[in-house]
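Student: predicted model, plus sequence, below.
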Amino acid sequence: MAGGFDEHPEHINRKGAPKKEWTWAGVYRAELEKVGDDKKTVKSKVAKAIIAKAIEGDVQAVKEIANRTDGMPRQNIGLDGGEDGGVIKINITNYGDTAQIQTKELSDTPTKSDGRRDEESDNNLAPEKR
């Protein structure tokens, strides 16, 4: 079986990671910073082109500008109970070196006025609802 640096030490990169100017990001950055005869950078020209497309109604261009200036919109990943605000109960049971994790959405679970679960009401739920 062939493999490993023990058998092929010539494959070891002794110079380390490539210099930034040799990475794709480095190449793009260098190109974007170039200045043309009109004394404008490529980066500036690209930005103006995207703005022009957005003005024409290109939705992708509008999204690109919004994401770059205002940041990406917050995405709900479901850990807060989802759009309907349901409660998610997580049980973690340790069995020596392993753990068993069970989750169940409890959207009809009573809560206190401050939004926290009402533990007394939770104890009165049928076992399949806990």
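Tutor: That came in fine, so what should we check first? Just so you know, these numbers come straight off a predicted model, no measurement behind them.

Student: contact partners of the longest helix belonging to the chain?
Tutor: As assigned by DSSP state H, the longest helix anywhere in the chain is helix 42-56. Residues outside helix 42-56 that contact it (CB atoms under 8 Å, 6 or more residues apart in numbering): 31, 32, 33, 34, 36, 60, 61, 62, 64, 65. Where C-beta positions appear, they are placed from N, C-alpha and C, glycine not excepted.

Student: closest one of the residues you listed to residue 92?
Tutor: residue 64 (41.7 Å; CB to CB).

Student: in contact with residue 34, which residues are there?
Tutor: By CB under 8 Å, 6+ apart, the contact set of residue 34 is 41, 42.

Student: the strands in the protein, which residues?
Tutor: 87-95, 98-106 (DSSP state E).

Student: least reliable of those strands by average pLDDT, please.
Tutor: Lowest mean pLDDT within the strands of the chain: strand 98-106, at a mean of 60.

Student: can you give the domain ranges for the chain?
Tutor: Using automatic domain parsing, the domain parsing of the chain gives 18-70, 87-129.

Student: need the least confident one among these, by mean pLDDT.
Tutor: Note on these: domain 87-129 shows the lowest mean pLDDT, a mean of 58.

Student: all helices of the protein, in order?
Tutor: In the chain, the helices defined using DSSP H lie at 4-7, 24-33, 42-56, 59-70, 119-123.

Student: so which of these gets nearest residue 92?
Tutor: helix 119-123 (16.7 Å).

Student: tell me which residues touch residue 94, please.
Tutor: Here residue 94 is in contact with no residue (CB under 8 Å, 6+ apart).

Student: for it, name its beta-bridge partners.
Tutor: Bridge pairing for residue 94 (DSSP bridges) gives the partners residue 99.
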